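> coords below, sequence missing:
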Ligand code: 5GP
Ligand code: ZN
């Protein structure tokens, strides 16, 4: 696995993992995932149900339920997630054609895992408006 930004071992979160959180378990290495990048504070792994040729999730290692919670409590970490999303897109060869970054926020928007994550989607033409 290529570390796009820094090296660290799994589970290096500073906030205690949430016991029933799927993505905290992926951070800890308790549930396997195809990791494509890691930094001190984030990991990126392929979505289990890809919606585009490239579909990677970038998450902070620390548990924050959604975008609003992350933005209000750790803006620097949000910036790191955004930068890591861009690095992943570049590493996936999406730098020229472009890519989409989505934070589903809340059930009405389709959020199903309440550990904030950026979807990085690309490799096909994206429709607008999204469904
Ligand atoms: P949300 O619906 O919350 O915006 O996105 C959650 C994403 O997590 C979905 O795209 C779903 O396919 C993905 N997902 C759910 N369970 C797993 C899993 O166990 N492993 C991986 N890699 N992705 C998962
Ligand atoms: Zn979590």
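On my side now, so go ahead. Everything numeric in this text was worked out from a predicted model, so none of it was measured. Ligands and ions are numbered 1, 2, ... in the order given.

> Report all helices and strands that the host helix or strand of residue 101 contacts.
Using DSSP states H and E, residue 101 falls within strand 100-102. Judged by 3 or more C-beta pairs under 8 Å, 6 or more residues apart in numbering; DSSP states H and E, the packing partners of strand 100-102 are strand 118-122. Every C-beta, even on glycine, is put in place using the N, C-alpha and C of the backbone.

> residues in contact with the strand it packs on?
Applying C-beta atoms under 8 Å, 6 or more residues apart in numbering, the external contacts of strand 118-122 come out as 44, 47, 51-59, 81-82, 85, 88-89, 92, 94, 97-104.

> and the strand holding residue 101 with ligand 1, contact?
No - Strand 100-102 does not reach ligand 1 (C-beta under 6 Å from any ligand atom); its nearest approach is 7.3 Å.

> now that strand: mean pLDDT?
The pLDDT scores in strand 100-102 average 98.

> Would you mark the buried spots in stretch 31-50?
When neighbours are counted by 16 or more other C-beta atoms under 10 Å, the buried residues of stretch 31-50 are found to be 33, 35-39, 41-45, 47.
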